[in-house]
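Asks: Here is the input, now give the coordinates:
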Amino acid sequence: EEERRRAAEEAARERFARQQAELAKKVREEEERLEAERGAAAKAKEQAEARARREAEKKAARERKARQQAEKLALEEASQRARQQALQEEAARRAREAAEREAKARMQTSNALRAAREEAERELREKADRNAALARARQEAARKEQDRA
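Replies: I've put the predicted structure just below:
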């Protein structure tokens, strides 16, 4: 009777140790998966920011070129006509408007970058919260299994 009881206790201990090892392995695998997801999300965020930055730079370059062309045209017209003063004022107005458009484009890009960054951070937080809840549920299940055992 005593040997049977000891053998049963030993079997229960071995079963518990196996369950703990399996649980630890699952937790490790989950942590590795989460780390990979975080890396992928960070890379996606970085790529989105780089894309937005490139678009902003292209747009600013187009605006700069348009402004330079407007200035050049206005200066050529001014040199060809007697109304040079009026044309120089026109060139200044065009340059100012182009600069305002360029500044506005930079601000819109900045807002888009911030929104993309905030969205990526929000998604990371939500994913982390879900994974933390999942881990807590697993721990609770393991605790209940341990208590039951």
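Asks: Check which helix or strand Gln108 maps to.
Replies: When secondary structure is defined by DSSP states H and E, Gln108 falls within helix 84-148.
Asks: what packs against that helix?
Replies: Other helices and strands packing on helix 84-148, by 3 or more C-beta pairs under 8 Å, 6 or more residues apart in numbering; DSSP states H and E, are helix 2-80. All C-beta spots, glycine's among them, are computed from the backbone N, C-alpha and C.
Asks: got the angle for the helix it packs on vs helix 84-148?
Replies: Orientation check (axes from the mean of the first three to the mean of the last three C-alpha atoms, to 10 degrees): helix 2-80 against helix 84-148 gives 180 degrees.
Asks: State the separation between helix 2-80 and the centre of the chain it belongs to.
Replies: Here the centre of helix 2-80 is set off from its chain's centre by 6 Å, with C-alpha atoms, centre = their mean, to the nearest Å.
Asks: which helices and strands does that helix pack with?
Replies: helix 84-148.
Asks: Quick check: mean pLDDT of stretch 67-84?
Replies: Mean pLDDT, stretch 67-84: 81.
Asks: Centre of the protein to the edge, which residue is at the far end?
Replies: Computed with C-alpha atoms, centre = their mean, the residue of the chain farthest from its C-alpha average is Glu1, at 63.8 Å.
Asks: what's the pLDDT at that residue?
Replies: Spelled out, the predicted local distance difference test score at Glu1 is 92.
Asks: isn't Gln88 right next to Ala74, touching?
Replies: Yes: contact status for Gln88 versus Ala74: in contact at 7.2 Å, counting by C-beta atoms under 8 Å.
Asks: So for those two, which residue has more residues nearby?
Replies: Each of Gln88 and Ala74 has its neighbours counted (other C-beta atoms under 10 Å); Ala74 has more, 19 against 14.
Asks: Apart from its neighbours in sequence, what residue is nearest the more buried one?
Replies: Excluding the flanking residues, the one nearest Ala74 by C-beta to C-beta, 6 or more residues apart in numbering is Ala91, at 3.1 Å.
Asks: Relative to Glu63, how far out is that neighbour?
Replies: 16 Å (C-beta to C-beta, to the nearest Å).
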